[in-house]
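Asks: Provided below for reference: sequence and predicted model.
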Amino acid sequence: MEKELKVAALKNGTVIDHIPTEKVFKIVSILRLKVYGQLLTIGNNLDSKRMGRKGIIKISNRILSDEETSKIALVAPNASINIIRDYKVVEKRALLLGDEIHDVMHCANPMCITNHQPIPTKFVVINEDGIVRLKCKYCTKEVLQDEINLKKK
Amino acid sequence: MNNSLVSITDYNKEDILSILDAARGFEKKPDRDTLKGKVVATLFYEPSTRTRLSFETAVVRLGGSVIGFSDSGTSSSTKGETLNDTIRMVSCYADAIVIRHPLDGAARYAAEISPIPVVNAGDGSNQHPSQTLLDLYSIRKTQGTLENLKICIVGDLKYGRTVHSLIEAMSYFKPEFKFVSPDELKIPEEYKIFCRKHNIPFTETAELNGSFNDADILYMTRVQKERFQDLMEYERVKNVYTLHNAMIKNTKPNLRILHPLPRVNEISMDVDKNKKAYYFQQAQNGLYVRQAILSKVLKTGDV
Ligand SMILES: [Zn+2]
């Protein structure tokens, strides 16, 4: 039933699945879907074997950019992103953050130079034992998962 | 990448030892002309007379000259100008930049955009590598070695940048640490993880008295009032973490007491005359270490 819903409804576009329920509207705002003029399905509190409850977002005729993908990876690292073409999954996009993320989020340290001058932020991604930590390249402070504050562009 | 020194972690064990060896040479013969014709800019966006004079003396005693400013609050030349623009402007005139800035990360950013080497003389609460190198120089000079030492670190272990850098720099030399601090200012988890990863044994305690009887180095730091949420707690703690001469009685003969200075009331004046007190000589060693740092970044061939 779930699979049918996911694949059948979308001809071309992006499906973001396995979103924690409390992150669905965060992603809606990151992708500015409020003003998206094409077919869009947002589901939340769906039953999920893996997560208990989950959210799903289907966007027709839009392929996410790398920057959008890394923003989603920051707020929902266990979500899955599938790119659909002609009703088929043509790309399962891994939510890998890479070694460094550039200018996607603010530094949580109020005394960091990047919060006072027009300087693009840079964070080193440290992945140890499955736990992802983000360390500011400038002030060297680590930003915790719940301190992540994405840049609005 | 230019030859900058922003964090002590920019240097490996070999780099550190070569700085310390060169500094020993500068202590024997501080007056040279190896920086003749070179201009070093000292950009102090917050006042730190001690550090600025030490760097400027280091330049002058090597035959170089100094330009720059201290405390941008009174300097119209940098008012409103971005750090980016100031660094680009200054790098047209100077051969190296020494920067002190109240914001964390300012020195790393300056080094990234600067075509000439940048030496970090303190960026906010972040890094101060020349302090760490002079700490190491003082430890080696008083103990004859950096290897296998028991180091007791006291005070603000949570925010104290000199403490964090000292732990990182000493990790090459098989140390053993004792961390002594009030509960509010305990060593952060990431430095405990760092120690475990490098097989460095450590213990933590809130009790100062007696905690350093088996130590080779007693490293005292400031306990600053503004770090406390609860001022009652500060009033209680400030006297508990004051070192008195009587507390040094049962320590090892080779123990030396270090402090990055300026002190507030962590070390009572009656300790100053004890031969184990080393903090004033430690500050003086800063000159030779900074001569070595400048010689390395400007590639004079001495380091
Ligand atoms: Zn930062």
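Replies: Right, received. Where do you want to start?
Asks: ignoring the adjacent residues along the chain, who's closest to residue B:121?
Replies: Distances taken as C-beta to C-beta, 6 or more residues apart in numbering or on different chains place residue B:100 nearest to residue B:121, at 4.3 Å, with adjacent residues excluded. Heads up, the C-betas are built off the backbone N, CA and C, glycines and all.
Asks: could you list the alpha-carbon positions for the host helix or strand of that neighbour in CSV?
Replies: Element membership for residue B:100, per DSSP states H and E: strand B:96-101. Extracted as CSV, the C-alpha positions of strand B:96-101 are listed here (Å, rounded to 0.1, in the frame of the first residue of the first chain):
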residue,chain,number,x,y,z
ALA,B,96,54.0,39.0,8.3
ILE,B,97,50.9,39.7,10.4
VAL,B,98,50.5,39.2,14.2
ILE,B,99,46.8,39.4,15.0
ARG,B,100,44.9,39.6,18.3
HIS,B,101,41.1,39.7,18.0
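Asks: by contact count, what packs against it?
Replies: Using 3 or more C-beta pairs under 8 Å, 6 or more residues apart in numbering or on different chains; DSSP states H and E, the elements in contact with strand B:96-101 are strand B:39-44, helix B:49-61, helix B:83-90, helix B:106-113, strand B:118-123.
Asks: columns distance to residue B:287 on top of these, output as TSV?
Replies: Shown next, in TSV, are those (distance: least, C-beta to C-beta, whole Å):
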stretch	distance to residue B:287
strand B:39-44	14
helix B:49-61	6
helix B:83-90	23
helix B:106-113	21
strand B:118-123	14
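Asks: reformat the ones you listed as a markdown table; add mean pLDDT and distance to residue B:71.
Replies: As requested, these are exported to a markdown table (pLDDT from 0 to 100; distance: least, C-beta to C-beta, whole Å):
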| stretch | mean pLDDT | distance to residue B:71 |
| --- | --- | --- |
| strand B:39-44 | 97 | 6 |
| helix B:49-61 | 96 | 10 |
| helix B:83-90 | 96 | 14 |
| helix B:106-113 | 98 | 15 |
| strand B:118-123 | 97 | 13 |
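Asks: hey, which of the ones you listed is tucked in deepest?
Replies: Greatest average neighbour count among these goes to strand B:118-123 (a mean of 27), per mean count of other C-beta atoms under 10 Å in any protein chain shown.
Asks: counting by contacts, list what the very next helix or strand once past that strand packs against.
Replies: The helix or strand immediately downstream of strand B:118-123 is helix B:129-143, counting by DSSP H and E. On a contact count with 3+ C-beta pairs under 8 Å, 6+ apart, helix B:129-143 meets helix B:13-28, strand B:118-123, helix B:161-170, strand B:217-220, strand B:256-258, helix B:279-297.
Asks: show me the one of the ones you listed that comes nearest residue B:46.
Replies: strand B:118-123 (8.2 Å; C-beta to C-beta).
Asks: which residues does that closest one contact?
Replies: Here strand B:118-123 makes contact (C-beta atoms under 8 Å, 6 or more residues apart in numbering or on different chains) with A:113, A:139, B:2, B:4-7, B:42, B:44, B:48, B:51-52, B:55, B:87, B:96-101, B:103-108, B:110-111, B:127-131, B:293-294, B:297.
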